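**Q** just need the structure, nothing else, for what follows:
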Amino acid sequence: MGLSASQARFLQLTARKSNVEYQAQQITFQRLQLSNKLESDAAEYTDKVNNKKLVYKYNTGTGQEKVDLTYQNYKNYMNQQLEDLNTTQDKLYLVSSSGNKIIVSSEEEMNAMINAHNASVATEDVSEPESTDKTTENTTENSENTTVVSSELESNKTNRKKRELTAKDFMIVEDLDDADKFQKNIEEGVFLFAKLKYNDDTEREEFDAHSWESLANGVVSEEYDKSDDAAAEAKYDKLQKETQKIDKALEMKLDQLETEREAIQTEMDSISKVIDDNIEDTFKIFG
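**A** Residues are numbered from 1 along each chain as shown. Down below sits the predicted model:
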């Protein structure tokens with residue numbers, strides 16, 4: 001092979017080698033992306049099997065049951081017994097983070113709550129005796145010297161007017177049926193639970209708001225959510241198998257390219273030697 005032919009072949013092989021190396025880099029990048037995706041899938045799977053949810057515990061009369069704390073279950077269970085007794089005492093309201101707005105899902109629900117609450121308030125006794133101390137001692141009847149000693153403190157009663165609700169006490173939130181968002185809002189303190197309590201300083205009933213963690217007797221608690229574990233595991237296994245299959249094909253292609261690159265490099269080394277020999281022979285002729 002002449003010098004010019006050898007040089008042309010060497011340039012062709014150099015171009016092929018560059019192309020093979022570029023393809024190898026592309027495949028390596030694809031495998032890196034697959035690896036990152038697999039890590040992301042694994043993290044998602046871990047989150048699914050370790051995620052927690054809020055549950056509400058209530059007494060059935062024969063035992064204790066638990067339900068997921070959704071807005072519908074809040075309405076159905078948290079105040080069910082109080083509503084059956086037709087009383088507002090110790091009722092738990094869902095309120096805003098500021099603690100002064102009752103959360104409802106619609107105007108219809110707001111009006112129904114206002115009517116029920118105010119009707120209940122109207123039937124309650126609003127008078128509370130603060131103190132009564134009455135004693136009557138040493139009474140002697142049918143005697144010339146009758147001594148009656150008595151002392152009596154008048155009862156002091158303070159009328160504590162129960163608070164009636166109006167539309168100004170409410171906030172309408174339309175997406176309360178989104179269970180995940182509802183629980184997140186409770187966990188992060190966007191929604192609180194409150195009772196109406198009388199404030200001696202302001203002489204009116206006000207909302208006494210608390211987070212879910214501070215409710216008495218742990219009626220709302222956090223536990224692992226197992227309901228989605230099986231689906232998460234099946235999804236992760238499927239994705240893992242698909243990813244491994246693609247990665248295996250890319251690995252085989254990368255091995256083929258490496259074999260081709262080595263063959264090209266071997267031929268380039270051989271041609272390079274031929275070129276060197278041709279140059280050396282040429283210099284000998286003119287030497």
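**Q** Tyr198: which element?
**A** Using DSSP states H and E, Tyr198 sits within strand 191-199.
**Q** in that strand, what counts as buried?
**A** Phe191, Leu192, Phe193, Ala194, Lys195, Leu196, Tyr198 (16 or more other CB atoms under 10 Å). Glycine gets a C-beta too; all of them are placed from N, C-alpha and C.
**Q** what does stretch 209-227 contact?
**A** Applying CB atoms under 8 Å, 6 or more residues apart in numbering, the contact partners of stretch 209-227 are 50-58, 69, 78, 92, 95, 99, 186-187, 189, 192-194.
**Q** one more time with 6 Å
**A** With CB atoms under 6 Å, 6 or more residues apart in numbering as the test, stretch 209-227 has contacts from 51-57, 95, 99, 186, 189, 192-194.
**Q** which pair of the residues you listed spans the longest distance?
**A** Distance extremes for the contacts of stretch 209-227: the farthest pair is Asn51 and Gly99 at 28.5 Å, using CB to CB.
**Q** related to what we said a few turns ago, what's the strand holding Tyr198 packed up against?
**A** strand 93-96, strand 204-210 (3 or more CB pairs under 6 Å, 6 or more residues apart in numbering; DSSP states H and E).
**Q** Asn199 contacts Glu206, correct?
**A** Yes. Contact between Asn199 and Glu206 holds when scored by CB atoms under 6 Å: they sit 4.9 Å apart.
**Q** convert the C-alpha atoms of the strand holding Tyr198 to PDB, please.
**A** Extracted C-alpha coordinates of strand 191-199, given in PDB (Å, rounded to 0.1, in the frame of the first residue of the first chain):
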ATOM      1  CA  PHE A 191     -56.600  23.500  59.300                       C
ATOM      2  CA  LEU A 192     -57.100  23.200  63.000                       C
ATOM      3  CA  PHE A 193     -59.700  21.800  65.300                       C
ATOM      4  CA  ALA A 194     -61.500  24.100  67.700                       C
ATOM      5  CA  LYS A 195     -64.200  24.100  70.400                       C
ATOM      6  CA  LEU A 196     -66.400  27.100  71.400                       C
ATOM      7  CA  LYS A 197     -65.400  28.200  74.900                       C
ATOM      8  CA  TYR A 198     -66.500  31.100  77.000                       C
ATOM      9  CA  ASN A 199     -63.800  33.800  77.400                       C
END
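**Q** show me which of the contacts of stretch 209-227 are buried.
**A** Using 16+ other CB under 10 Å as the burial test, the contacts of stretch 209-227 include Lys53, Leu54, Val55, Tyr56, Val95, Ile186, Leu192, Phe193, Ala194 as buried.
**Q** surely the fourth one is within a helix?
**A** So that's Tyr56. No. The assignment for Tyr56, made by DSSP: H, G, I helix; E, B strand; the rest coil, is strand rather than a helix.
**Q** that one and Val67: what is the separation?
**A** Going from Tyr56 to Val67 by CB to CB, to the nearest Å gives 6 Å.
**Q** and after the lowest-mean-pLDDT helix or strand in the chain, which helix or strand comes next?
**A** Scoring the helices and strands of the chain by mean pLDDT, DSSP states H and E places strand 149-159 at the bottom, with a mean of 39. Moving toward the C-terminus from strand 149-159, the next helix or strand (DSSP H and E) is strand 170-172.
**Q** mind listing what's buried in the helix or strand following that next one?
**A** Following strand 170-172 in sequence order, the next helix or strand is helix 179-187 (DSSP H and E). Residues of helix 179-187 classed as buried: Ala179, Phe182, Gln183, Asn185, Ile186, Glu187 (neighbour count, 16+ other CB under 10 Å).
**Q** export these to a markdown table and tack on distance to Gln33 and pLDDT?
**A** Shown next, in a markdown table, are those (distance: CB to CB, whole Å; pLDDT from 0 to 100):
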| residue | distance to Gln33 | pLDDT |
| --- | --- | --- |
| Ala179 | 34 | 92 |
| Phe182 | 36 | 95 |
| Gln183 | 34 | 94 |
| Asn185 | 36 | 95 |
| Ile186 | 38 | 94 |
| Glu187 | 34 | 93 |
